[in-house]
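Have a look at this prediction, sequence included:
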Amino acid sequence: MPAPDSGEEWVRLRNNSSNPVTLLSWQIDDIDGGSSPYVIQENLTVESLDSIRISVGTRFNNTGDSVRLIDPEGEIVDSTSYESTEKGISFMKTNEGIWVLSNSIVGNNADEESEDEIPELNISVKAGNNVHVGEIFPMKVTVTHAEPDEIYYVKVINSVNESQTATVKTIHKDTRYAWNASWNQMPTIKTNSQGTATATVYAEFSEDSSVGNHAFIIRLRSSSKEINYDSSDQKVSLLAKKVEKSIQEKDPKKTKVESIPDVSIRIDDISNKKQGDYVKIEGVITSSINQLGTRTFYVEDESGGVKVVANKNYTVLTKGKRVELTGTISNAFNEDYIKLNSKNEFKILGDGILPDAVLIRTGDLNEKYEGERISINGKVTATSGNVFYINDGSGDAKVYIKSDQIDKPYMRTGYYSYVTGIASQYKDDYRILPVVRSDVIVSKSPIIHENVLGAVSELPETGKFNIALLFFALMIFVGIAIKSFTFLLERMAGISSESML
């Protein structure tokens with residue numbers, strides 16, 4: 001839409017492939033040499049046969065221009081040109097691949113809804129499968145394909161398929177609200193310029209609810225159009241109300257009583273919890289205590305990884321051990337972590353299997369991988385002190401040598417490096433933290449992933465060539481050469497004397 005009636009110009013992208021496509025670092029540009037391209041900075045994913053609307057500001061000429069979609073490698077994926085346009089008219093590509101004029105706000109098919117009809121909107125909900133009666137439980141609500149910069153009210157209500165033997169209520173500012181409460185009392189969620197948003201919403205099944213299998217939905221209400229949107233049924237197994245257990249600190253002067261979780265949660269569910277929540281997890285230690293910080297170690301399960309900080313230096317917490325941990329959720333420098341308050345809050349379950357590191361693109365180092373073992377491979381673009389950056393063409397990734405077991409290998413800008421470590425956040429930056437020296441491989445030539453060791457020669461521990469040893473070897477070589485040359489001269493002189501006789 002190069003000339004909308006109001007607001008920013010926009011482009012709607014449709015994924016016609018059979019796989020999801022992540023749009024981070026893709027570009028929307030006009031004619032070559034025209035305005036600067038619009039670079040998608042958010043980690044937006046478009047599912048197969050789905051679409052998304054991208055607002056691009058003011059970028060296209062009304063008297064004629066081109067529209068080009070460019071992938072992170074700089075390849076033009078799709079393009080079209082037009083001679084002129086009118087307000088409120090968009091250019092749409094049909095299923096047959098033909099570009100036509102349209103007044104549709106969606107622009108995927110010729111028979112799609114008009115501008116006066118309800119825009120498409122999708123609600124996805126991520127919540128635990130088991131909930132106790134009377135327990136406040138969080139859920140992550142993600143909205144896509146919504147109106148840009150729009151505020152939506154949020155309600156948690158019983159599904160129409162619910163047997164009415166359980167009642168779920170929305171919780172906002174420590175108050176519980178029934179399904180028929182006023183919308184202006186509900187929590188809100190605001191979309192960004194791309195029409196997407198994510199928020200954590202809290203709810204509770206009232207104490208008169210019966211245990212068993214139940215279902216609820218998330219209902220959104222547009223604040224400007226007063227239109228309701230419902231999610232699909234969210235099924236949950238409702239358990240009996242928790243029986244409070246307690247633990248006491250050893251210090252008799254202060255007693256701390258907390259509810260001990262009955263079951264472990266997936267590590268990726270920590271993002272649905274609040275700071276101060278008491279949780280239990282189970283996983284494999286991926287860095288021994290103190291390797292990446294004082295009393296710090298990392299744990300990973302099949303869903304993700306997390307940083308853990310203990311109250312003391314428990315040396316049994318070593319890499320490769322499978323553990324059960326119970327602690328409180330905290331945050332420092334924008335990175336969530338679990339805080340252990342005593343040795344009673346962890347249990348060694350035995351030896352575990354270290355998770356394989358996931359090979360990602362350097363430009364994809366973000367919150368999605370926080371706490372996990374990952375690998376990156378690319379060219380060194382900058383190096384200073386214990387920090388260097390590598391890039392595989394998708395963007396720079398920061399590598400920080402934090403472990404005192406690693407001497408940073410010798411490298412220069414233009415060298416290549418293959419790094420394995422743990423993804424970590426510090427303030428607004430994401431970086432990868434290698435754990436041991438073998439996690440950092442450096443080469444003057446590109447490193448082939450399948451045969452990475454074959455492309456790298458040995459480097460000394462300090463990462464620098466030992467000048468004294470090199471000089472000594474050179475002197476030995478020179479000495480041998482001189483001696484050989486002297487012997488050859490003496491031999492030739494002896495031969496000449498024999499000839500004269």
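It's in.

how about the strands in the stretch 51-200 of the chain?
In the stretch 51-200 of the chain, strands defined by DSSP state E, counting those that start in this stretch lie at 51-57, 65-70, 76-82, 90-93, 99-102, 122-127, 130-132, 136-144, 151-158, 168-172, 175-177, 188-190, 197-205, listed in chain order.

Ok, which of the ones you listed comes nearest Gly276?
Comparing those against Gly276 with Cβ to Cβ, the closest turns out to be strand 136-144 (12.6 Å). Quick note: C-beta positions are derived from backbone N, CA and C, even for glycine.

Can you tell me the closest non-neighbouring residue to the residue nearest in space to the middle of the chain?
Taking Cα atoms, centre = their mean, the centroid of the chain lies closest to Lys368, which sits 1.6 Å from it. In space, and not counting its chain neighbours, Lys368 is closest to Asn43: 6.9 Å by Cβ to Cβ, 6 or more residues apart in numbering.

can you count the residues close to the one you found?
Residues near Asn43, counting by other Cβ atoms under 10 Å, number 14.

State the number of residues packed around Lys169.
22.

Look up how far Asn313 lies from it.
Distance, Lys169 to Asn313, using Cβ to Cβ, to the nearest Å: 45 Å.

low pLDDT regions in this protein?
Residues of the chain that meet the criterion pLDDT under 70 lie in 94-120, 160-164, 243-262, 449-501.

Show me it divided up by domain.
Here the domain parsing of the chain from automatic domain parsing is 9-102, 122-239, 267-351, 358-455, 466-501.

Would you tell me which of those domains gets closest to Met1?
Using Cβ to Cβ, the domains of the chain put domain 9-102 closest to Met1, at 4.3 Å.

Next, give phi and psi for the nearest residue to Arg53 once chain neighbours are set aside.
Distances taken as Cβ to Cβ, 6+ apart put Arg12 closest to Arg53, at 4.7 Å, once the chain neighbours are dropped. Backbone torsions for Arg12, taken as degrees, to the nearest 10, come to phi -100, psi 130.

what about Arg12, how many residues close to it?
Residues near Arg12, counting by other Cβ under 10 Å: 18.

wait, isn't it in contact with Ser55?
No. Using Cβ atoms under 8 Å, Arg12 makes no contact with Ser55, being 10.4 Å away.

what residues are up against Gln234?
Contacts for Gln234 (Cβ atoms under 8 Å, 6 or more residues apart in numbering) come out as 125, 127, 139, 159, 215-218.

no, scratch that, I was asking about Ser384
Ser384 neighbours (Cβ under 8 Å, 6+ apart): none.

Roughly how far does it sit from Gly283?
Look at Ser384 and Gly283: by Cβ to Cβ, they are 34 Å apart.

same thing with Gly393?
Per Cβ to Cβ, Gly393 is found 33 Å from Gly283.

Same question for Tyr430.
21 Å.

More neighbours: which of those two?
Neighbours around Tyr430 and Gly283, counted as other Cβ under 10 Å, are more numerous at Gly283. The numbers are 27 against 20.

Next, format the strands of the stretch 51-200 of the chain as JSON lines and append distance to Asp336.
What follows is the strands of the stretch 51-200 of the chain, written out as JSON lines (distance: least, Cβ to Cβ, whole Å):
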{"stretch": "strand 51-57", "distance to Asp336": "28"}
{"stretch": "strand 65-70", "distance to Asp336": "35"}
{"stretch": "strand 76-82", "distance to Asp336": "36"}
{"stretch": "strand 90-93", "distance to Asp336": "42"}
{"stretch": "strand 99-102", "distance to Asp336": "45"}
{"stretch": "strand 122-127", "distance to Asp336": "16"}
{"stretch": "strand 130-132", "distance to Asp336": "22"}
{"stretch": "strand 136-144", "distance to Asp336": "13"}
{"stretch": "strand 151-158", "distance to Asp336": "23"}
{"stretch": "strand 168-172", "distance to Asp336": "21"}
{"stretch": "strand 175-177", "distance to Asp336": "27"}
{"stretch": "strand 188-190", "distance to Asp336": "21"}
{"stretch": "strand 197-205", "distance to Asp336": "13"}
